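Novice: structure for the following, please:
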Amino acid sequence: MANHNWSVKALSRNVHVITVLADWRRPGFEFEALLTSDWHYDHPKCNRTLLRKHLGQALEKKAPVFCNGDAFCVMQGKKDRRGSKGDVRPEHMVADYFDAVPRSAAEELAEFAPVLAGFGYGNHETAIIKHNETDVLRSFVSTLNQEHGAKAFLGGYGGWLFFRFVNPKNPKEIMTKRMKYFHGSGGGGIMSKGTLTNVRQAAIYPDADIVHKGHIHELWEMTLMQESVTSQGRVYHKTQKHICTSAYKEEYGDGAEGWHIERGAPPKPLGGYWLKFQVDKRARAQEMLISATQTV
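Specialist: Numbering: from 1, shown residues only. The predicted structure follows:
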């Protein structure tokens, strides 16, 4: 099912809203968005075939796509001690490396411009700003918007993305779901896979319906329940969905060599999550249900 008409608007520098114009109360209503992170698009180990497959699915569904940081690796600058000649794509072996990376990416991903809704910063992009005084992600988003017709927003390392559903026949019929995004921190934990942060984040972001993170290259979804109460004294339960999206960079390979192997890291999953909003007509008080399905 193709998505409904949607648009993106900034409420502040790191709070944005995707407004969906649709009769969201009607039976069978649903809307999808694609949550991703850690593309590492410029790295030779980026599985571009899989990324383009998922972006193509979003384009077919007219589903907005959000990338929660590290769209780029950008570790091959002249002064970067992490650099390796084997990790540079041929088209990036040029004098203006930090310009070539976002320029080529915007050209190659231009066909997906209609659904590229927004990008947050990751530690790779912020490290380049810190050490090289240039903003690769801003250049990429600006080129997408100015030269390829995208209307993507540039968010923060953390921020909020609202999904606001408005009935065009009755603009007073509005349903809003709030997503807190944060690229991530730390190593995630070899046993917990980063899930131990969920309870802490639930306390930090009590108003979030969804919490989206990346960074640790893990792929999971967890639902937490919260108790709340109305001003009239009615106790109710609130659902908060925690989603961790993985990378499109496959670093393990055959397990023979590389930084990923030397630090004892295991093979990692690839991909993101489809976020689906649906209206439950069976509920006494009409509500919007949120589900998440791994990309394939």
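Novice: by mean pLDDT, flag the weakest helix or strand of the chain.
Specialist: The least trusted helix or strand in the chain, going by mean pLDDT, DSSP states H and E, turns out to be helix 259-262, with a mean of 86.
Novice: for that one, list the C-alpha coordinates in CSV.
Specialist: The C-alpha coordinates for helix 259-262 follow below in CSV (Å, rounded to 0.1, in the frame of the first residue of the first chain):
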residue,chain,number,x,y,z
TRP,A,259,40.0,-3.6,13.3
HIS,A,260,36.6,-5.2,13.8
ILE,A,261,38.2,-8.6,14.1
GLU,A,262,41.1,-7.5,16.3
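Novice: could you list the low-pLDDT ranges of the chain?
Specialist: 1-2, 282-286 (pLDDT under 70).
Novice: can you show me the strands along it?
Specialist: Along the chain, counting by DSSP state E, strands occupy 5-12, 15-21, 30-36, 65-68, 116-120, 153-154, 158-167, 170-182, 210-213, 220-229, 235-244, 273-280, 287-294.
Novice: out of these, deepest packed?
Specialist: strand 65-68 (a mean of 28; mean count of other Cβ atoms under 10 Å). C-beta here means a position set from N, CA and C on the backbone, and glycine is covered the same way.
Novice: partner strands of it and their direction?
Specialist: As defined by DSSP bridges, the strand partners of strand 65-68 come to strand 30-36 (parallel), strand 116-120 (parallel).
Novice: give me every residue that touches Pro102.
Specialist: Phe72, Val136, Leu137, Ser139, Phe140, Thr143 (Cβ atoms under 8 Å, 6 or more residues apart in numbering).
Novice: mind putting those into TSV with neighbour count?
Specialist: Shown next, in TSV, are the contacts of Pro102 (neighbours: other Cβ atoms under 10 Å):
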residue	neighbour count
Phe72	24
Val136	24
Leu137	25
Ser139	17
Phe140	25
Thr143	19
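Novice: one step back: any buried residues in the least confident helix or strand of the chain, and which?
Specialist: His260 (16 or more other Cβ atoms under 10 Å).
Novice: offset the numbering so it begins at 253, please.
Specialist: Fine by me, first position is 253 from now on; the one you just mentioned is helix 511-514.
Novice: what's the neighbour count on Lys337?
Specialist: 7 (other Cβ atoms under 10 Å).
Novice: next one: it from Val326, what distance?
Specialist: Lys337 sits 15 Å away from Val326, going by Cβ to Cβ, to the nearest Å.
Novice: same thing with Val353?
Specialist: For Val353 relative to Val326 (Cβ to Cβ), the value is 6 Å.
Novice: how far away is Thr428 from Gly507?
Specialist: Taking Cβ to Cβ, one finds Thr428 at 46 Å from Gly507.
Novice: over to Asn257?
Specialist: Counting by Cβ to Cβ - Asn257 and Gly507 are separated by 47 Å.
Novice: equivalent analysis for Asn450, please.
Specialist: From Asn450 to Gly507 the distance is 30 Å (Cβ to Cβ).
Novice: the more surrounded of these two?
Specialist: Neighbours per residue, other Cβ under 10 Å: of Asn450 and Gly507, the larger number sits with Asn450, 19 against 10.
Novice: my guess is the more buried one meets Val463, correct?
Specialist: Yes: here Asn450 reaches Val463: they are 7.4 Å apart, a contact under Cβ atoms under 8 Å.
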